[in-house]
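[1] Got a sequence here, can you build the structure:
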Amino acid sequence: MARIIVRTRKLPLLAPRKHPWRRAGVITAGLALGAVLGTLLAELLAPLAQRATRRIGKPGTPSVAELVHDAQAVLDADLPLRECGLEVIPVGRGSIELHGWVADRRSRTRAATLVSQGVNAASVINCILVRGEDDVVTPPNGDGDDDDALEA
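    Model (predicted):
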């Protein structure tokens, strides 16, 4: 019977290299080339990246003057409300009030709804008064018989 002999060669764990500085030079050159190319590409592609990542809406919250202007433009765009001469008054940061007189409740509600939907305000306070309802003086006791209460 034939015997098979297998010889194994032991390799050292850390084999000495002939030119270790050459490999370090190639690695350093590769890092430097990558940094230069990255800088050049960043300069060339920065405008494209800014356009691709821009926000859809306006950045930040609008100023008080912009809110008042936009709300007044919304009211002036509606013909029946334009004739009423409604005013928009700033109350605080992001809040506005609607002032003026309208003919009926429907117009009052319409004005508040249009401004709420058309303007990016934190709150819209409806102080619009209705002619025939808000300008009627009621006697203090509720019955209309006491004329002295109206004179006081």
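[2] contacting residues around stretch 95-108?
    67-68, 71, 75, 80-81, 84-91, 111-112, 115, 119, 121-133 (Cβ atoms under 8 Å, 6 or more residues apart in numbering). In short, each C-beta sits where N, CA and C put it, glycine included.
[3] For the buried ones among these, write the corresponding ChimeraX selection.
    This is how ChimeraX selects the buried members of the contacts of stretch 95-108, with burial counted by 16 or more other Cβ atoms under 10 Å:
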select :67,68,71,75,81,84,86,88,90,111,112,115,119,121,124,128
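[4] Mind checking which of the contacts of stretch 95-108 land in helices?
    Among the contacts of stretch 95-108, the members falling in helices (DSSP state H) are 67-68, 71, 75, 80-81, 84, 111-112, 115.
[5] And the average pLDDT for the longest helix seen in the chain is what?
    Across the chain, the longest stretch assigned as helix under DSSP H is helix 20-52. For helix 20-52, the mean per-residue pLDDT is 84.
[6] now that helix: how far from the chain's centre is it?
    Centroid displacement of helix 20-52 relative to its chain, using Cα atoms, centre = their mean, to the nearest Å, is 36 Å.
[7] How is the protein divided into domains?
    For the chain, automatic domain parsing gives the domain ranges 22-51, 64-130.
[8] Highest mean neighbour count out of the ones you listed?
    Counting by mean count of other Cβ atoms under 10 Å, domain 64-130 has the highest mean neighbour count of the domains of the chain, with a mean of 16.
[9] Give me the average confidence score over that one.
    Averaged across domain 64-130, the pLDDT comes to 92.
[10] now do the same end-to-end measure for that domain.
    This stretch, domain 64-130, spans 27 Å end to end (Cα to Cα, to the nearest Å).
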